[in-house]
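A.B. asks: Sequence first, predicted coordinates after that:
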Amino acid sequence: MSDSDGALLNNAMVSEEAIYTRRVLRFTLGIGLAVAISAIWAWPLAFIVPVFVAKFLVDRQEPTVQTVYELLISMICTIGLAWIVSFGPTQYPMVLLPLIAMMMLWGYYLFSDPRWNFFATIFIVATLLLPYMSLLQPGAAILVGVGLSFSGVVAVSIFALLHALLPDLSPNREQLASAAQSHDERTHEAFRALIIAFPVICFFYFLEISGALLTMIFIAILSLQAAGAKSIKVSLFLLITNGIGGALAIVFYNMLTIVPELPFYIGMSMLAALLFGQKIYANPEKAPLYAGILSALLVVVGSTASSTDKDVAVNFYLRILQLFLVGVYMIFASFYLESRDWKFLKKRNSL
């Protein structure tokens, strides 16, 4: 090997290391900033901001026009849905639930397209939360809808700011490809996701169980990941990630009870982001595992930290129990679907 070849090889190695370091640093600072802003201002659903920021930083190399477009469309849909459910459709469950099912099906279908993944995430969360909030507390849907939209705005702003301060060093620019699956495959998985999630959604709606919002968020988002051909294995994976995330959340929460200070909370969040960011960017094939654990940690701790209830400790452990029950339900529902011989659940091969 000549000296010039060795120099090129060293430069390439340094470049890869620099790209990795820059991404981990950006991820750590982004989560820390998101936690700080959501904890200081604490608007409705502010605790979702760190999850959205983590999703952007892992899934998107840099902000694009498509990112802003997805955000604007999701804001319009969220506010529009909040306005609609505030005028009484929640009083007619036999009309409301089929409409929710149709919107969930559309959201799941869009979720499998990388160009619409973020919009679909917000849309599914809004579809479940807003009618349910209007059912429990008439008039609250608008407040929650605005909070969810504002969380999206803050997340995109943090994402853009971090890339402006620490632009990605990779020479390969991101190109959002179209969905890799065919129309039939995407429709198939959307129906499977709906069948997994919708029964428990109906259960909560009919019984009007308070405190079920976090459970529904987890079921709605995670059900798509458990809808593929290896859904039982994926459900076991989700149970593991939720379990580890819940265990880490218990450690995190108990440390916060010892030092209940905002700087400590932000520092702990950044430490978690640093550790998981290193794993995510060093092992891209295992990124969903580490991202799932971190998301569970951020949601449970963030929702507890923003709670104004007197029984904060009790509600925290109830959220941990919800995480575990979501994983168990996913395994049960996936096993049930795979043991059925329903023709409409079989994938059709495209010609």
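C.D. replies: Cool, got the structure.
A.B. asks: which residue packs closest to residue 78, ignoring adjacent ones?
C.D. replies: Distances taken as Cβ to Cβ, 6 or more residues apart in numbering place residue 126 nearest to residue 78, at 4.5 Å, with adjacent residues excluded. For glycine as for every other residue, the C-beta is placed from the backbone atoms N, C-alpha and C.
A.B. asks: Measure how buried the one you found is and give me the count.
C.D. replies: Using other Cβ atoms under 10 Å, the number of residues around residue 126 comes to 28.
A.B. asks: Residue 187 contacts residue 108, doesn't it?
C.D. replies: No. Checked against Cβ atoms under 8 Å, the pair residue 187 and residue 108 is beyond contact range at 9.4 Å.
A.B. asks: Which one of the two is surrounded by more residues?
C.D. replies: Ranked by neighbour count (other Cβ under 10 Å), residue 187 and residue 108 place residue 108 first, with 26 against 17.
A.B. asks: quick one: that one and residue 317, what's the gap?
C.D. replies: Taking Cβ to Cβ, to the nearest Å as the measure, residue 108 falls 31 Å from residue 317.
A.B. asks: which ones are touching the residue nearest to residue 78?
C.D. replies: Taking Cβ atoms under 8 Å, 6 or more residues apart in numbering as the contact definition, residue 126 lies against 74, 77, 78, 81, 82, 145, 148.
A.B. asks: again, only this time at 6 Å
C.D. replies: Contact analysis of residue 126 by Cβ atoms under 6 Å, 6 or more residues apart in numbering lists 78, 81, 148.
A.B. asks: Look up which helix or strand it falls in, please.
C.D. replies: Assessed by DSSP states H and E, residue 126 sits inside helix 117-136.
A.B. asks: now for whichever helix or strand comes after that helix, which elements pack on it?
C.D. replies: Sequence-wise, the next helix or strand downstream of helix 117-136 (DSSP H and E) is helix 140-165. Helix 140-165 is packed against helix 3-41, helix 49-59, helix 65-85, helix 117-136, with contacts defined by 3 or more Cβ pairs under 6 Å, 6 or more residues apart in numbering; DSSP states H and E.
A.B. asks: Any buried residues in the second one, and which?
C.D. replies: Applying a neighbour-count criterion of 16 or more other Cβ atoms under 10 Å, one finds 49, 50, 51, 52, 53, 54, 55, 56, 57, 58 buried in helix 49-59.
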